[in-house]
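# give the three-dimensional model of this entry:
(chains A and B)
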Amino acid sequence: MSAVPVAPPRRLLDAEVDGVAVRVPEGSTILDACRIEGIDTPTMCYADNLTPINACRVCVVEVEGARTLVPACSRVVEAGMKIRTDTDRVRHSRRLVMELLGSSVDTSLASPDWHRWQDQYAADPDRFGAPTEPMEAGERDRRWAGHHHEPTDPALAETVAQPVKVDNELYVRDYGRCVLCYKCVEACGTDAQHTFAIAVAGRGFDARISTEYAVPLDASACVYCGNCIGVCPTGALMFTSEHDMRAAGTWDEDRQTVTDTICPYCGVGCELELHVQDNTIVKVTSPADNDVTSGHLCIKGRFGFQYVQRRKKDRT
Amino acid sequence: MDLHLTAARPTDEERLAVDGLLGPEPVSNDRVVRGGHEARADRTLLLPALHALHASEGWISEGGLNYICERLTVPPAEAYGVATFYAMFSVQPQPKTVVHICDDLACRIQGGRELIAELEADVANGDWTWTRSSCLGMCEQAPAIFAQRAGRPDVSLGEATVATIRATAAPDSTVTCAGGVTAPQVWDPTVRAGLRLLRRVGDVDPTSIDAYRAAGGYAALRRAVDLGPEGTIREVTDAKLLGRGGAAFPTGVKWKAVAEQSVLPHFVICNADESEPGTFKDRLVMELDPFSVVEALTIAGFATGAERGYVYVRGEYPLATERLEGAIAEARVHGYLGDDVMEHGFRFDLELRRGAGAYICGEETSLFNSIEGKRGEPRNKPPFPVTQGVFGKPTAINNVETLINVLPILELGTEGYSSVGTEDSTGSRLFCLSGHIEHPGVYEHPHGVTLGDAIAAAGGVGGGKRLKAVLLGGAAGGFVGPDRLDARLTFEDARAGGYTLGSGVIMVFDEDTDLVDLVLRIARFFRDESCGQCVPCRVGTVRQEEALLRLVSGHTMGTRADELALLEDVADVMRDASICGLGQTAAAAVRSAISTFGLFDGEGS
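Below is the predicted model:
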C-alpha cells in the first residue's frame, strides 16, 4: 500500500555532492541528497519520522562558501550548492562528536550502524580519560544552571552516569545512556503525542530530560504511549520487560522473532511488530515508515500485549 | 493538549504575584472554556511570569509554577525546562536575598577573590546567602555584586566590600543601585565636545524626557519621519553603519531586508542582553541616556515597518531596566510611542523584557526563543531573522550601541557622520576599558584609534606597571601581547590582523597577572554558559576545562604536547560544528592565550 500523493510536484534543483552532479526535489535536505547518491552519512539525533533537531552534529558536511560546517539532516539543498562530505574538516568533526558523546554517555546499546561509524572514523572515546563514578540518584536533576561544578578529578572524564529511574511498571529511564537527542521530547510533544510530559531541563552539560521538578512519571502528564521508547536511539528508554531480561542476562535478540500484526484494540488499524522470545512478547514496535502510525502507537498497542500473556498465565 | 498538573497548589502570595502581572484570574464557568491558539499565544509571558513569582517569593515552587502553567496554558514540564535554564531562577527554596559576587576576569584580579575569601571565612546567616557569578557587566567598578532580594528591588553595586554586601542584604536595607558616571571622557570639556554616543551621558537627567529633548533628543526621529522609511534606510546604508555586537553586519542591509518582507507583522528588537565578559558600555548608555535607545528603536520600527519592538535587557542590570522602563513610559505619555507617533500617523510601541541570567540569550535566535517563552537555545540559520525572527516573523535585531549610532547619522547626515573613522569603519565606537588600567570606564573613540592610544587615553596600565596582555573583544575574542599596541581598532584592520573587536572589550593585564588563572576562568565560563543543545559545545566545553586543569596541575595524560593536541582537536570541532557563536568561539581566547604566550611551554613534565 502506498500513500496517495497530495502535494503538487516539486521543482528539481541541481547541486553537487563530492563533485558529482545531483538533482533533487526542492525542499530536500542534504541528507536526502546524500542518500540518493548512496553516501553513508552518520546520524544520531535524526529520525525519519521526526522533525530534524540537528543537535548532535555528527552528520555535518562542508558547503562551499559557508564559514562553518552545516548539518546535513536539516539543511535544505539550494540550487548550485556545492557539498563535500569527506573533507578533513568533516571527518574531524564527525570523529570528535563520536568521541565526545562516547566519553560522556553509555552508547553501548546504540545501533549497529553507530558502532560501525565509530570504527570507520577511528573514534577513540577513551582519550579523555576514564569515566567518573556514577552520580547519586537525583543529583543531576538538582544541578543549577550557571552554578559551576568544579571537576573533582580532571584525570577523569565527566559523564552523565546515574542510576536507572524505575517508577512505573511499563518502562524505565536510564539517563546514563541519554545523548540528549531531543527525540523523546519531540515524540512526546508536537511531533506525535502532544502530551508534553517531558522536556529538556537545566543547561549545558547538566541539561537533562525531565518531568516538572523531576516528579515520577505517574505524577506527570505521561500517558504511557511509549513513543519516546520507540524513538530513543541509545536504549535510555526501555520496556521494563527488556530492562529486566537484560539485567537477568536472558535478553537475546538472536532468539527473537518478529511477528507483524494489526492492533486489535480500536478501528485505526495500527501495524504492530511483536518481538517474541521464548514464546513471550517482550516488546512491541511499529515501523517508522508505516502510513498509519509513522512508528507511533498508544498505550494499548504499545503495552497491551501484557493482557495476552497474563491471561495465559491465569489459565495455567 | 490537556494540561496535566501535579497536586501542588500555589499559596495566596504566589497567586497574587502572578496576578500582579497577568491580571486577576478570569472567572470560569462550564460554558466558557479558554483554550486553543488564543491561550497558547500567552506563552510569551512565561519569562515575565517566572520573574514576577521569583521576585516576590525568592524561588519558584511547584505550586507557583503550576499556577503560571494554568494561567498561560503551558505544560509544566516545559515551564520547568524554561525555569531551570536561567541562573537567576531557583526551583529550590533559598534565603530571601541572594548576592551574586563576580569572580570573573576583571573582578577576580581586583579584589573579587579576596572578597569571596572573606565571605567564606565569615559565613552568611540564614536570611541571605551568596554565590559566585560570572561577569556582571560592571568591570569598571570591580569587584561587582548583584543582589536578588525577594519582595524588594534587585540591586547591583560596584566596589563591593563585605560591609556593603551586608548592608545590601539586611532586611531593612536602604541600598539602591549607584549608577555612577563611569565614562571619564565626559569630565573633560574639550574631549566631551567631540563625543557623539556619550554626549548626554552624565550631563542630562536620564529620567526626564524634557531634558532629553532640550539636549537634542528626538531630532533624529523627526528627520527620519521627514525622510520616510526608505530615505532613513538609505542614510543608514550610506553611512556604512556596521553592527557593534560582534558580527559587523551592515545595519542598512538588515533593515532593508526586513522592510521588504511581505509577511507581516515585522518586529524590531534591541539586544540589550550585554553579557560578554568585560563589556559594560550598553549598560552605561541605558542607565544614563535611556531615551536615546527608545528613540533609536522607534526609528528602526519606522524604517522597517514594524509596529512593535522589544528591548531585551540583561537580567543583572536592574538600574538599566528601571531607567528604560521609565523612558518608555515617558515616551508613551508624550506621544513618542503609541498609535500615532509624533502625530505622524505611524504606530509603534515597545515592551521591555528582562533576561534571567543566560549569556546565550545574547545570541539573536536564543533571544527570540527567550521572548517567546521557550528555552533560550539558539536556532539554526538559515532561516535568518530578517525572514523568520521572533514569532517566526521578519525581525530586525540590533544591539544598543548599533542603534544609538543611528541618531548621529540622521542628525549629522551621512557625510557628517563619516567625517570620523575610516573609509570602511565609519563613525566612532565605544570601548570598555577595565582590568589593570588607571581610569577604567567606557570610552568613545573614532574608529582607527590604536590599541595603545586607547589604553593611554585611560591613563595607561595601573600603578605604573608594565603591560603583559590585553583581552580584546571579550571571552569570545582573544588575547594579544604588548607587541600589538599599534593595532588599529577598525573592522578591516581586525579582520586582516586576525584579532577581533567583539563587543569593544579592552581588558588590560599587568606584568604580575597569572594568565593561566584567567584562561581557566574563561573555560569555566563557557562550560557554565553553554546551553547544552549541541554536542560539540555541551561536551567540548567540559573536556576543554578538564584538559586545562590537567595542564595546570601537571598531571597530564601522556605528554603536555598530547594534551595541547587534544585541546586543539576539541577547539576545532567546537569552532566548525557548533550551532551558534557561543560554541564556535568557546575556545578562541583559550587558544590565543596558549599560542601568544606559550602558556604551557616548558613547565612541569
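# other SSEs contacting the helix or strand where B:S434 lies?
Using DSSP states H and E, B:S434 sits in strand B:428-435. On a contact count with 3 or more CB pairs under 8 Å, 6 or more residues apart in numbering or on different chains; DSSP states H and E, strand B:428-435 meets helix B:105-107, helix B:281-288, strand B:441-446, helix B:451-457, strand B:505-510. The way it works is simple: take the backbone N, C-alpha and C, and place the C-beta from them, glycine included.
# once you drop chain neighbours, what's closest to the single nearest residue of the stretch 51-200 of chain A relative to chain B?
The stretch 51-200 of chain A approaches chain B most closely through A:G146 (2.8 Å), counting by CB to the nearest CB. Nearest residue to A:G146, sequence neighbours excluded (CB to CB, 6 or more residues apart in numbering or on different chains): B:A87, at 2.8 Å.
# for B:S275, see how far away that neighbour is.
According to CB to CB, to the nearest Å, B:A87 stands 11 Å off from B:S275.
# identify the contacts common to those two.
By CB atoms under 8 Å, 6 or more residues apart in numbering or on different chains, B:A87 and B:S275 have these common neighbours: B:A358.
# stretch B:531-541 near chain A anywhere?
Yes. For stretch B:531-541, a contact with chain A is found by CB under 8 Å from any CB of the partner chain, at B:531-536, B:538-541.
# which residues of the chain score low on pLDDT?
Just so you know, I chose chain A. Along chain A, the parts satisfying pLDDT under 70 run over A:1-5, A:311-316.
# not what I meant, chain B
Scanning chain B for pLDDT under 70 picks out B:1, B:28-36, B:123-125, B:602-605.
# quick check: closest non-adjacent residue to B:H266.
Leaving aside its chain neighbours, B:H266 sits nearest to B:A306 (4.0 Å; criterion: CB to CB, 6+ apart).
# buried residues in the helix or strand containing B:A561?
B:A561 is part of helix B:560-577 when elements are defined by DSSP H and E. Residues of helix B:560-577 classed as buried: B:560, B:563-564, B:566-567, B:569-577 (neighbour count, 16 or more other CB atoms under 10 Å in any protein chain shown).
# tabulate those residues (a markdown table), appending distance to A:D48.
Supplementary listing: those in a markdown table, determined by distance: CB to CB, whole Å:
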| residue | distance to A:D48 |
| --- | --- |
| B:R560 | 46 |
| B:E563 | 41 |
| B:L564 | 41 |
| B:L566 | 35 |
| B:L567 | 37 |
| B:D569 | 32 |
| B:V570 | 31 |
| B:A571 | 34 |
| B:D572 | 30 |
| B:V573 | 26 |
| B:M574 | 29 |
| B:R575 | 30 |
| B:D576 | 26 |
| B:A577 | 23 |
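# contacting chain A as well, which ones from those residues?
The residues of the buried residues of helix B:560-577 that also fall near chain A, by CB under 8 Å from any CB, are B:566, B:569-570, B:572-573, B:575-577.
# who are the contact partners of the residue nearest to A:R203 when sequence neighbours are not counted?
When the adjacent residues along the chain are set aside, A:R203 lies closest to A:A145, with 3.8 Å between them (CB to CB, 6+ apart). A:A145 makes contact with A:202-204, A:206, B:84-87, B:357-358, B:528 under the criterion CB under 8 Å, 6+ apart.
# ok, of the residues you listed, which one's closest to A:C228?
For the contacts of A:A145, the minimum distance to A:C228 (CB to CB) is 18.2 Å, reached by A:G202.
# distance check, that closest one against B:L501.
Going from A:G202 to B:L501 by CB to CB gives 33 Å.
# who has more neighbours, those two?
Neighbours around A:G202 and B:L501, counted as other CB atoms under 10 Å in any protein chain shown, are more numerous at B:L501. The numbers are 25 against 22.
# what's the neighbour count on B:Q94?
By other CB under 10 Å, 15 other residues sit near B:Q94.
# let me fix that: B:D517
Number of residues near B:D517 (other CB under 10 Å) recorded here: 13.
# helix/strand/coil for it?
Of the three states, B:D517 takes helix according to DSSP: H, G, I helix; E, B strand; the rest coil.
# nearest spatial neighbour of it, skipping sequence neighbours?
Leaving aside its sequence neighbours, B:D517 sits nearest to B:R108 (CB to CB, 6+ apart; 7.5 Å).
# is B:A496 in a helix, a strand, or coil?
Classification of B:A496 using three-state DSSP returns helix.
# neighbours of it, how many?
B:A496, neighbours per other CB under 10 Å, totals 10.
# distance check, it against B:S425.
Counting by CB to CB, the gap from B:A496 to B:S425 is 12 Å.
# equivalent analysis for A:P125, please.
Counting by CB to CB, the gap from A:P125 to B:S425 is 46 Å.
# how about B:L65?
Separation of B:L65 from B:S425 (CB to CB): 48 Å.
# neighbour count winner among the two?
Taking other CB under 10 Å, B:L65 and B:S425 do not tie; B:L65 has more neighbours (28 against 23).
# so which of the residues of stretch B:531-541 next to chain A is the most crowded?
B:V539 (34 neighbours).
# part of a strand, is that residue?
No. Using three-state DSSP, the assignment for B:V539 is helix, not a strand.
# once you drop chain neighbours, what's closest to it?
For B:V539, ignoring the flanking residues on the chain, the nearest one in space by CB to CB, 6+ apart is A:L100 at 3.8 Å.
# then B:A52?
Ranked by CB to CB, 6+ apart and with sequence neighbours excluded, the top spatial neighbour of B:A52 is B:L21, at 4.3 Å.
# mind listing what that neighbour touches?
Contact analysis of B:L21 by CB under 8 Å, 6+ apart lists B:45, B:48-49, B:52.
# packing partners of the helix or strand where B:A220 lies?
Under the criterion of DSSP H and E, B:A220 resides in helix B:219-238. Identification of packing neighbours for helix B:219-238 by 3+ CB pairs under 8 Å, 6+ apart yields helix B:251-259, helix B:290-304, helix B:400-418.
# ok and the longest one relative to helix B:281-288, angle-wise?
Helix B:400-418 runs at 90 degrees relative to helix B:281-288, counting by axes from the mean of the first three to the mean of the last three CA atoms, to 10 degrees.
# strand B:428-435 and helix B:400-418, what's the angle between them?
130 degrees.
# the shortest one now?
Between the direction of helix B:251-259 and that of strand B:428-435, the angle (the same axes, to 10 degrees) works out to 110 degrees.
# care to break the chain down by domain?
The chain I'm using is chain A. Per the record, chain A has its domains at A:1-134, A:162-315, by automatic domain parsing.
# my question was about chain B, not that one.
Domain segmentation of chain B under automatic domain parsing yields B:12-83, B:97-169, B:209-418, B:429-506, B:515-597.
# closest to A:P42 out of those?
Checking the domains of chain B against A:P42 by CB to CB gives domain B:515-597 as the closest, at 12.2 Å.
# okay but B:S434 is in contact with B:G137, surely?
No. Taking contacts as CB atoms under 8 Å, B:S434 lies outside contact range of B:G137: 10.4 Å.
# returning to that earlier point: contacting residues for the residue of the stretch 51-200 of chain A closest to chain B?
Contact analysis of A:G146 by CB under 8 Å, 6+ apart lists A:203, B:86-87, B:133-134, B:357-358, B:528-529.
# so A:N168, which state does it fall into?
A:N168 ends up coil, using three-state DSSP.
# tally of neighbours for A:P134?
A:P134 is flanked by 15 other residues according to other CB under 10 Å.
# distance of it from A:D167?
Separation of A:P134 from A:D167 (CB to CB): 18 Å.
# give the contact list for residue 243.
Chain wasn't specified; assuming chain A. Neighbours of A:H243 in contact, by CB under 8 Å, 6+ apart: A:164, A:166, A:171-172, A:174.
# wait, chain B was what I had in mind.
With CB under 8 Å, 6+ apart as the criterion, the residues that contact B:G243 are B:249-251, B:254, B:398-399, B:402.
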